[in-house]
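Undergrad: predicted coordinates and the sequence they were generated for:
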Amino acid sequence: MTRPSINIDADAFLSTYWQQSPQLLRQAFNPEQLISGDELAGLAMEPEVESRLIKHLPESDEWLLRHGPFAEEDFAELGPENWTLLVQAVDHWIPEIRTLLSGFNFLPQWRIDDIMVSFATKGGGVGPHFDQYDVFLLQVEGTREWRTGQLCDENSEINAQLPVKILTDFEEQDRWVLQPGDMLYIPPAFAHWGTALSDCLTVSVGFRAPAHSDLISDFGHFLASKVSDFNRYADPELANRSSAPHEIRPEDIVRLQTILHDYADNAALLTNWFGQYMTQPKYDDQAVETGDWAVEEFISHWRANPIYRNASSRLAYTDTVLFVDGQAMVTDLTPEQLNSLCDGDVFTHAAYAESEPMQKVLWSLINLGAVFFEG
């Protein structure tokens, strides 16, 4: 399967627009043969797929939200206008959609969250809102008007009376009409508002941006599982406290800072945790069943059957360590081999017959459920 490219000057984009301001790129990709509205509706009927229907009633300015899975009659009763179907993680199910990710290889792939696809009828949209992550909006079919607005923060007012997070105030800065093949980049916290001018399909490539509170919390849990209880707070150079025995003094805090800094400054420890954290699967229930293949049995079967990447698995690497779905695996692979592994979708025995380290890693991955044999 041919991987589509994104027509973008990566260096100029990163220096001028990335996490700074929106950018519209005309005819940035080939929109053909990615997905149809019928395919998207079919996915939304599956119980394991996360989907939403949002309908706007212009007369009363009312917004209606429903969560999937849906049935055919749900779509039939929506009417011809003012509704949107949104389906998350379509890249986990449609190979043609997953191939889009290679067009964004100028960005860390472990930062990608998923690819959402929306189908909207004329007038459909989700209202003025902002996201806390970077997103690329690719127009696949039809036309959609996008308006971008102010930079938002935690004080930006959201209409609490509505089932969808819509901004109370929207300060328009720019307005564009996107045609098939056009792409709009929206940085985190920038208000934006899309409205379908005709029946249309839009692909949204979203990037993970963990909250600092989540990073700190998860790292704390990771440390707690790694650090021995014999490591204790100590104050061997303690001064006489009889004048104020209940006071927590600055030197006490310095001792505490030293303890915490020792862990935070440990690059190897941080890397091990961060690689596992950033490769945790988005949906645990989409994992392929783990296997119990013996090495000889695996190699024999592989000779006649290619191995396929589990689209819901997340992979990353550093040096010789492979991070896979929240686990760390020390390997004998070179960084180039690890990069090829993380980038691959299909693995044949013929391609790796001379690489025992790669065979060993793929054997481990198939038993973890990160790759699989079809059938």
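TA: All right, it came through fine.
Undergrad: what segments of the stretch 151-300 of the chain are helices?
TA: With DSSP state H, counting those that start in this stretch, the ranges of helices along the stretch 151-300 of the chain come out as 212-226, 250-264, 267-278, 295-304.
Undergrad: highest average neighbour count across those?
TA: helix 267-278 (a mean of 16; mean count of other Cβ atoms under 10 Å). The way it works is simple: take the backbone N, C-alpha and C, and place the C-beta from them, glycine included.
Undergrad: now do that one: everything it contacts.
TA: With contact meaning Cβ atoms under 8 Å, 6 or more residues apart in numbering, helix 267-278 is reached by 110-111, 208, 210, 215, 218-219, 222-223, 226, 263-264, 314, 316-318, 321, 323, 326-328.
Undergrad: could I have that helix exported to PDB, CA atoms only?
TA: Below are the C-alpha coordinates for helix 267-278, written out as PDB (Å, rounded to 0.1, in the frame of the first residue of the first chain):
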ATOM      1  CA  ALA A 267      18.000  10.500  32.900                       C
ATOM      2  CA  ALA A 268      18.000   6.700  32.600                       C
ATOM      3  CA  LEU A 269      15.200   6.400  35.000                       C
ATOM      4  CA  LEU A 270      13.200   9.100  33.400                       C
ATOM      5  CA  THR A 271      13.700   7.700  29.900                       C
ATOM      6  CA  ASN A 272      12.600   4.200  31.000                       C
ATOM      7  CA  TRP A 273       9.400   5.600  32.600                       C
ATOM      8  CA  PHE A 274       8.600   8.100  29.800                       C
ATOM      9  CA  GLY A 275       9.000   5.500  27.100                       C
ATOM     10  CA  GLN A 276       6.600   3.200  28.900                       C
ATOM     11  CA  TYR A 277       4.100   6.000  29.700                       C
ATOM     12  CA  MET A 278       4.000   7.400  26.100                       C
END
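Undergrad: if I take it and helix 212-226, what angle do their directions form?
TA: 120 degrees (axes from the mean of the first three to the mean of the last three Cα atoms, to 10 degrees).
Undergrad: what separates helix 267-278 from the chain centre, distance-wise?
TA: When distances are taken as Cα atoms, centre = their mean, to the nearest Å, helix 267-278 is centred 18 Å away from the chain's centroid.
Undergrad: give me the angle between that helix and helix 250-264.
TA: Using the same axes, to 10 degrees: helix 267-278 against helix 250-264 is 70 degrees.
Undergrad: and A353, how many residues sit next to it?
TA: A353: 13 surrounding residues under other Cβ atoms under 10 Å.
Undergrad: one step back: for W363, which of the helices of the stretch 151-300 of the chain is the nearest?
TA: helix 295-304 (4.9 Å; Cβ to Cβ).
Undergrad: and that closest one, C-alpha only, in CSV?
TA: Output of helix 295-304 as CSV, limited to C-alpha atoms (Å, rounded to 0.1, in the frame of the first residue of the first chain):
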residue,chain,number,x,y,z
VAL,A,295,10.6,-19.9,19.0
GLU,A,296,10.8,-22.8,16.5
GLU,A,297,7.0,-22.9,16.0
PHE,A,298,7.0,-19.1,15.4
ILE,A,299,9.9,-19.2,12.8
SER,A,300,8.3,-22.1,11.0
HIS,A,301,4.9,-20.3,10.7
TRP,A,302,6.5,-17.0,9.8
ARG,A,303,8.3,-18.5,6.8
ALA,A,304,5.0,-18.9,5.0
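Undergrad: helix or strand right after the helix or strand bottoming out on mean pLDDT in the chain?
TA: Across the helices and strands of the chain, mean pLDDT, DSSP states H and E gives its lowest value to helix 95-98, namely a mean of 91. Using DSSP states H and E, the helix or strand that follows helix 95-98 towards the C-terminus is strand 112-120.
Undergrad: what pairs with whichever helix or strand comes after that following strand, parallel or antiparallel?
TA: Using DSSP H and E, the helix or strand that follows strand 112-120 in sequence is strand 135-141. When pairs are called by DSSP bridges, strand 135-141 turns out to pair with strand 183-186 (antiparallel), strand 200-207 (antiparallel).
Undergrad: for these, give me CSV that also has distance to G142, mean neighbour count and mean pLDDT.
TA: What follows is those, written out as CSV (distance: least, Cβ to Cβ, whole Å; neighbours: other Cβ atoms under 10 Å; pLDDT from 0 to 100):
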stretch, distance to G142, mean neighbour count, mean pLDDT
strand 183-186, 15, 23, 98
strand 200-207, 3, 22, 98
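Undergrad: looking at these, which is closest to V254?
TA: strand 200-207 (37.9 Å).
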